[in-house]
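Undergrad: Generate a structure from the sequence data that follows.
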Amino acid sequence: MNTARKDIIARLRQDILRQEGYAPQKTAGAGRIGLGPVEDAFPDGAFPCGNLHEFLAFDAAQMAATNGFISGLLATLMRNDGACIWISKSNQVFPAALSAFGIQPHRLVFACLQRDRDVLWAAEEALKCEGLAAVIAEVSELTFMQSRRLQLAIEQSRVTGFILRSNQRKMSTTACIARWQISAAPSKQMDLPGVGHTCFNVSLLKVKNGHTGNWLLEWKKGGFKPVATAIVANATDQHPLTTLKAG
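TA: Numbers count the residues shown, from 1 in each chain. Model prediction:
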């Protein structure tokens, strides 16, 4: 009886996800993009491509770390010669630095607009283009209605969308599949003093039908790798993650 109940609950969860616009993987674990244990927090054990993701970055340091982490995700999303559009009010990404994540800078189109509503309009139109691998939009605020419009566009094109929010004072519920917060972490020292791989504190603050949690990842040999537990404990002591209660 317990097994039957679990099967019923699992089917109901899949039905809810489909109604919310989430496209479940055909087989468990399919479509993994190399985030290691972080991907296990999502439904089906895989990063949900073709959905809207929300990233919180409240200062310049967090924004830089978030840009780097998203660049690592784009390295996989764009591996089949895909293109990407990055929309913001002030372009803070140095295109040449993207090569560190295996991305050819000419495959990204950068658009700089003056107002949040212009950025969101451009993002919605870009998300309707099936030929894109991903769309990134940097805004101060995002309402549920605005996020829902973006998600509806994604449901037609299955393009992955990333929203970077920078206003800490106005947090609201959104239609995003997940809410992330990324910060820089101390690198694990290599043989050469002062040199190490780029490390990220990764926090999932909200996941639809998934599990929240904190992880420490490093970008190494063209992918994200989990860092040993001992290093995690040391890093979290130095770089505590902000915990938000907003929905």
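Undergrad: So which bits of the helix or strand hosting Leu150 are buried?
TA: Per DSSP states H and E, Leu150 falls inside helix 144-157. Applying a neighbour-count criterion of 16 or more other Cβ atoms under 10 Å, one finds Gln146, Ser147, Arg149, Leu150, Gln151, Ala153, Ile154, Glu155, Ser157 buried in helix 144-157. Every residue, glycine included, has its C-beta placed from N, CA and C.
Undergrad: before we move on, what about stretch 75-82?
TA: Ala75, Thr76, Leu77, Met78, Gly82.
Undergrad: Surely Asn214 is in contact with Phe200?
TA: No - counting by Cβ atoms under 8 Å, Asn214 does not reach Phe200; the two are 10.9 Å apart.
Undergrad: what about those two, which has more around it?
TA: The residue with more neighbours, out of Asn214 and Phe200, is Phe200; 23 against 16, by other Cβ atoms under 10 Å.
Undergrad: and the most centrally placed residue in the chain, what are its bridge partners?
TA: Nearest to the mean C-alpha position of the chain, by Cα atoms, centre = their mean, lies His53 at 5.3 Å. Counting by DSSP bridges, His53 forms beta bridges with Phe162, Ala178.
Undergrad: Contact partners for it?
TA: Thr160, Gly161, Phe162, Ile163, Cys176, Ile177, Ala178, Trp180 (Cβ atoms under 8 Å, 6 or more residues apart in numbering).
Undergrad: what's the closest non-adjacent residue to Lys86?
TA: Wrong residue type there; residue 86 is Trp, not Lys. Excluding the flanking residues, the one nearest Trp86 by Cβ to Cβ, 6 or more residues apart in numbering is Ile136, at 4.6 Å.
Undergrad: so where is this protein shaky, pLDDT-wise?
TA: When residues are selected by pLDDT under 70, those of the chain lie in 1, 3-31, 189-195, 228-247.
Undergrad: That one: strands as residue ranges?
TA: 52-56, 83-88, 108-112, 132-139, 160-165, 178-185, 199-207, 213-220, 223-226 (DSSP state E).
Undergrad: Serialize those to CSV and add fields for distance to Met63.
TA: Shown next, in CSV, are those (distance: least, Cβ to Cβ, whole Å):
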stretch, distance to Met63
strand 52-56, 9
strand 83-88, 10
strand 108-112, 15
strand 132-139, 8
strand 160-165, 7
strand 178-185, 9
strand 199-207, 13
strand 213-220, 17
strand 223-226, 19
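Undergrad: Of those, which is nearest Pro95?
TA: Nearest to Pro95 among the strands of the chain is strand 108-112; the distance by Cβ to Cβ comes to 6.7 Å.
Undergrad: Residues in contact with that closest one: which ones?
TA: By Cβ under 8 Å, 6+ apart, strand 108-112 touches 74, 83-91, 93, 95, 98, 122.
Undergrad: In TSV: the residues you listed, plus neighbour count and distance to Val109.
TA: As requested, the contacts of strand 108-112 are exported to TSV (neighbours: other Cβ atoms under 10 Å; distance: Cβ to Cβ, whole Å):
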residue	neighbour count	distance to Val109
Leu74	24	13
Ala83	14	7
Cys84	24	7
Ile85	21	5
Trp86	25	7
Ile87	24	9
Ser88	19	12
Lys89	17	16
Ser90	8	16
Asn91	13	11
Val93	20	12
Pro95	14	11
Leu98	22	13
Ala122	16	11
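Undergrad: No further queries at this time; thank you.
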